[in-house]
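Trainee: here is my input; please provide its structure:
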Amino acid sequence: MTAEETKAYWEEKYPIANYPTCCLCGEKTECPFGNNPAPVASRGKCCGACNNAVVFVRMGLIPLALAKKNKKNLKLLYDSLFQQEPEPEPVVVYEDEKHRECPLDESA
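Mentor: Residues are numbered from 1 along each chain as shown. This next block holds a predicted model:
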């Protein structure tokens, strides 16, 4: 089977319209089977983004009570706790006027 035939087979067998809806955020899951939302929810399936947070709840890095209280915003909770801000670009300070005017001039 070629890649195109395989893709066509799976799309016919599992149409995207039939994918489960995430029981936490309400969006469609990105696969036909979804993910296990336990212990945050006892029924349904969750999407991959919510699953990232659920894994951290299982590991004890996000308190279960906090996760249950913020079910609908679990992705935002996860992002606020574990996604780091990009580091700012370093500021280059030149001590003399010549380099301040043209810092990439190597002819000097």
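Trainee: what strand or helix carries the spatially most central residue of the chain?
Mentor: Among the residues of the chain, the one closest to the centroid is Ala49, at 4.9 Å (CA atoms, centre = their mean). For Ala49, the element it lies in under DSSP states H and E is helix 48-58.
Trainee: elements contacting that helix?
Mentor: Using 3 or more CB pairs under 8 Å, 6 or more residues apart in numbering; DSSP states H and E, the elements in contact with helix 48-58 are helix 64-69, helix 74-82. Backbone N, C-alpha and C define where each C-beta goes, glycine included.
Trainee: next, the buried residues of it.
Mentor: Neighbour counts over helix 48-58 (16 or more other CB atoms under 10 Å) mark 49-54, 56-57 as buried.
Trainee: Thr6 versus the closest residue to Cys46 other than its chain neighbours, what's the distance?
Mentor: Among residues not flanking Cys46 along the chain, Pro37 sits closest, at 4.0 Å (CB to CB, 6 or more residues apart in numbering). According to CB to CB, to the nearest Å, Pro37 stands 29 Å off from Thr6.
Trainee: compare neighbour counts for these two and give me the winner.
Mentor: Using other CB atoms under 10 Å, the more surrounded residue of Pro37 and Thr6 is Pro37, with 24 against 10.
Trainee: you'd agree that one is in a helix?
Mentor: No - counting by DSSP: H, G, I helix; E, B strand; the rest coil, Pro37 is located in no helix; its state is coil.
Trainee: tell me who's in contact with it.
Mentor: For Pro37, the contacting residues are 23-24, 44-46, 50-51, 54, by CB atoms under 8 Å, 6 or more residues apart in numbering.
Trainee: cool, Ala49 as well?
Mentor: By CB under 8 Å, 6+ apart, the neighbours of Ala49 are 25, 75, 78.
Trainee: which pLDDT value goes with the first one?
Mentor: In this model, Cys25 is scored at 88, pLDDT.
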